[in-house]
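# Quick one, structure for this:
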Amino acid sequence: MNIYLAGVSCMGKSTLGKRLAKAINYHFIDLDREVESYFGTTIERLQLRMSMDEFRKKASELLQQLITN
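Residues are numbered from 1 along each chain as shown. From the prediction side, this is the model:
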């Protein structure tokens, strides 16, 4: 079983996710960090280079890869 936290930026999803994963002995993945690692730059820079639709599409594709692996 996987647990996904979704919501607006800067609301504490990463902080809560890390704590929850530790409490229930789950592996935690921070999609923002995964996106930055995959593209080799920050989310802020990616959003400046891409349209929001393109950014969301790429992030969704990466999430799909993470889910299936």
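
# going forward, measure contacts between C-alpha atoms and count neighbours the same way
OK.

# can you count the residues close to the residue lying closest to Lys13 once chain neighbours are set aside?
Take Lys13 and drop its neighbours on the chain: the residue closest to it by Cα to Cα, 6 or more residues apart in numbering is Leu5, 6.2 Å away. Neighbour count of Leu5, defined by other Cα atoms under 10 Å: 10.

# what residues are up against Leu62?
Val35 (Cα atoms under 8 Å, 6 or more residues apart in numbering).

# Name the residues of the helix or strand harbouring it that are buried.
Per DSSP states H and E: Leu62 is located in helix 52-68. Residues Phe55, Ala59 are the ones in helix 52-68 that count as buried (16 or more other Cα atoms under 10 Å).

# again, but for stretch 1-10
Quick answer for stretch 1-10: no buried residues (16+ other Cα under 10 Å).

# hmm, back to that, isn't the residue nearest to Lys13 up against Met11?
No: at 10.7 Å, Leu5 does not count as touching Met11 under the criterion of Cα atoms under 8 Å.

# Check which element follows the helix or strand encompassing Thr15 along the chain.
According to DSSP H and E, Thr15 maps onto helix 13-24. Downstream of helix 13-24, the next assigned helix or strand under DSSP H and E is helix 31-39.

# Quick one: residues in contact with that following helix.
Contacts of helix 31-39 (Cα under 8 Å, 6+ apart): Thr42, Ile43, Ala59, Leu62, Leu63.
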